[in-house]
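Sequence below, structure please.
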Amino acid sequence: MAYVPAPGYQPTYNPTLPYYQPIPGGLNVGMSVYIQGVASEHMKRFFVNFVVGQDPGSDIAFHFNPRFDGWDKVVFNTLQGGKWGSEERKRSMPFKKGAAFELVFIVLAEHYKGPPMMPPYPGPGHCHQQLNSLPTMEGPPTFNPPVPYFGRLQGGLTARRTIIIKGYVPPTGKSFAIDFKVGSSGDIALHINPRMGNGTVVRNSLLNGSWGSEEKKITHNPFGPGQFFDLSIRCGLDRFKVYANGQHLFDFAHRLSAFQRVDTLEIQGDVTLSYVQI
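Predicted structure coming up:
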């Protein structure tokens with residue numbers, strides 16, 4: 001089964017807090033809300049609310065509230081008619097002060113849920129495209145895979161196939177690499193190498209044991225130390241098209257003419273991965 005991102009998917013990057021945003025059409029069964037952030041070193045608590053309306057005192061269908069108060073816990077509750085219900089608490093705290101986190105809320109008929117289920121909107125920046133032009137993704141995602149990461153592209157790399165990679169560059173990170181490889185020969189059709197030390201994003205190919213000429217030109221660099229990134233890498237007939245955080249980052253013309261031979265995705269170096277879909 002091939003998965004496509006919903007036409008209405010439109011991410012918001014680096015929003016200010018407090019954050020208030022209407023949900024177009026309201027919250028429906030099967031929808032997911034995806035949040036990445038960093039818990040402040042000095043915070044005592046934060047919350048995510050699913051609110052009925054935008055008026056002060058509106059009902060809160062779901063209140064998600066991590067608390068760092070010496071008895072660290074996550075509290076769940078509902079506010080109706082100005083009154084809170086009975087709290088539900090999870091004592092095993094999944095958040096750490098100063099650490100990055102990732103939340104996926106999945107709306108089901110009777111309750112809310114998180115991973116390992118798949119969020120149905122995994123790809124960035126497709127909100128203005130028609131459904132029949134959306135990229136296809138061949139399988140379910142992997143959450144929080146270890147690095148080095150080695151993924152098998154079943155069926156090889158085909159035109160219109162899109163790979164989604166979400167991750168985080170550690171504050172001390174110096175370099176990492178994303179490679180689309182031919183397993184049998186070791187050829188690399190596309191090598192993406194963010195180098196945080198000099199602020200470059202190098203692209204290249206390794207064919208028959210030799211590196212080609214490097215490409216470095218970009219209009220913006222999403223791979224700063226301590227930054228999240230959301231990559232969408234689409235294979236076309238004559239080039240790769242790469243988007244970062246919903247914006248076009250670069251194109252890379254195919255140097256390996258038989259790009260269909262690419263069957264492996266490798267990610268190594270100073271990076272933490274939260275989500276990969278191939």
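
Validate this expectation: P145 resides in a helix.
No. Residue assignment for P145, taken from DSSP: H, G, I helix; E, B strand; the rest coil, gives coil, which places it outside any helix.

Dihedrals phi and psi, it?
Backbone dihedrals for P145, given as degrees, to the nearest 10, come out at phi -70, psi 150.

and the spatially most central residue of the chain, what does it touch?
Nearest to the mean C-alpha position of the chain, by CA atoms, centre = their mean, lies K166 at 3.2 Å. With contacts defined as CB atoms under 8 Å, 6 or more residues apart in numbering, the neighbours of K166 are Q36, E102, F228, F229, D230, L231, L273, S274, Y275, V276. Glycine gets a C-beta too; all of them are placed from N, C-alpha and C.

which SS class is it?
strand.

Got the confidence number for it?
Reported pLDDT at K166 in the predicted model: 90.

circling back: list just the nearest of the contacts of K166 to K217.
Nearest to K217 among the contacts of K166, counting by CB to CB, is L231 at 17.5 Å.

Once you drop chain neighbours, what's closest to the closest one?
Here the nearest residue to L231 in space, its sequence neighbours aside, is I165; by CB to CB, 6 or more residues apart in numbering that works out to 4.4 Å.

re the thing from before, so what sits opposite the residue nearest to the centre of the chain in the bridge?
Here K166 shows beta-bridge partners D230, Y275, assigned using DSSP bridges.

Over to F143?
Note on F143: beta-bridge partners by DSSP bridges are Y275.

Look up how far V38 lies from it.
18 Å (CB to CB, to the nearest Å).

out of those two, which sits in the more crowded spot?
Under the neighbour definition other CB atoms under 10 Å, F143 and V38 were set side by side, and F143 has more, 19 against 16.

And the more buried one, how far from A100?
The separation that F143 has from A100, given CB to CB, amounts to 14 Å.

cool, and G199?
21 Å.

And the two? Which one has more around it.
When neighbours are counted by other CB under 10 Å, G199 and A100 differ, and A100 comes out ahead with 19 against 11.

so that one makes contact with Y168?
Yes. Using CB atoms under 8 Å, A100 and Y168 qualify as a contacting pair, with a distance of 5.0 Å.

Report the set of residues contacting both of the two.
Both A100 and Y168 are in contact with Q36, F228, T272, where contact means CB under 8 Å, 6+ apart.

Could you single out the nearest of those residues to I23?
The nearest member of the shared contacts of A100 and Y168 to I23, counting by CB to CB, is Q36 at 18.1 Å.

From the structure, what's the count of residues near that closest one?
Burial measure for Q36: 19 neighbouring residues, criterion other CB under 10 Å.

For it, list the residues it contacts.
Taking CB under 8 Å, 6+ apart as the contact definition, Q36 lies against A100, F101, E102, L103, K166, Y168, F228, S274.

ok, now with 7 Å
Counting by CB atoms under 7 Å, 6 or more residues apart in numbering, Q36 touches E102, F228.

what kind of secondary structure is it in?
Per three-state DSSP, the secondary structure class of Q36 is strand.

and what of Y13?
Quick answer, by three-state DSSP: Y13 is coil.

Give the buried residues for stretch 251-270.
By neighbour count, with 16 or more other CB atoms under 10 Å as the criterion, the buried positions of stretch 251-270 are 252, 254-256, 259-267, 269-270.
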